[in-house]
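Peer 1: take this sequence and fold it.
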Amino acid sequence: MEWCPLCRTADVLRATAPPELRDQWQSVQREALLTMRSLIDSYLERIDDAEGAYETRVEEIPIE
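Peer 2: The predicted structure follows:
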């Protein structure tokens, strides 16, 4: 299986890096994923809030 250059580089670094560097890199990855999850949660809350706002803006206008 051929890997993209970035994936292959990451694999080589992971295999040759000292344990301390691997631990630090894993911490960075975890923090990045937690940040992305927070952003997604925030965006979902905004969408949910916006749906309720649209319902209150509806006004019935009679046509004569």
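
Peer 1: for this protein, which spans come out with low pLDDT?
Peer 2: 1, 51-57 (pLDDT under 70).

Peer 1: which one's the longest helix in it?
Peer 2: helix 19-57 (DSSP state H).

Peer 1: who does that helix touch, helix- and strand-wise?
Peer 2: Counting contacts by 3 or more C-beta pairs under 8 Å, 6 or more residues apart in numbering; DSSP states H and E, there are no secondary-structure elements packed against helix 19-57. All C-beta spots, glycine's among them, are computed from the backbone N, C-alpha and C.

Peer 1: what do you get if the cut-off is 10 Å, keeping everything else the same?
Peer 2: For helix 19-57, the packing partners by 3 or more C-beta pairs under 10 Å, 6 or more residues apart in numbering; DSSP states H and E come out as helix 5-16.

Peer 1: tell me what angle the helix it packs on forms with helix 19-57.
Peer 2: Orientation check (axes from the mean of the first three to the mean of the last three C-alpha atoms, to 10 degrees): helix 5-16 against helix 19-57 gives 140 degrees.

Peer 1: neighbouring contacts of helix 5-16?
Peer 2: Here helix 5-16 makes contact (C-beta atoms under 10 Å, 6 or more residues apart in numbering) with Glu2, Trp3, Cys4, Leu21, Arg22, Trp25, Gln26.

Peer 1: show me which of those residues is closest to Glu60.
Peer 2: Closest approach to Glu60 among those (C-beta to C-beta): Cys4, at 56.1 Å.
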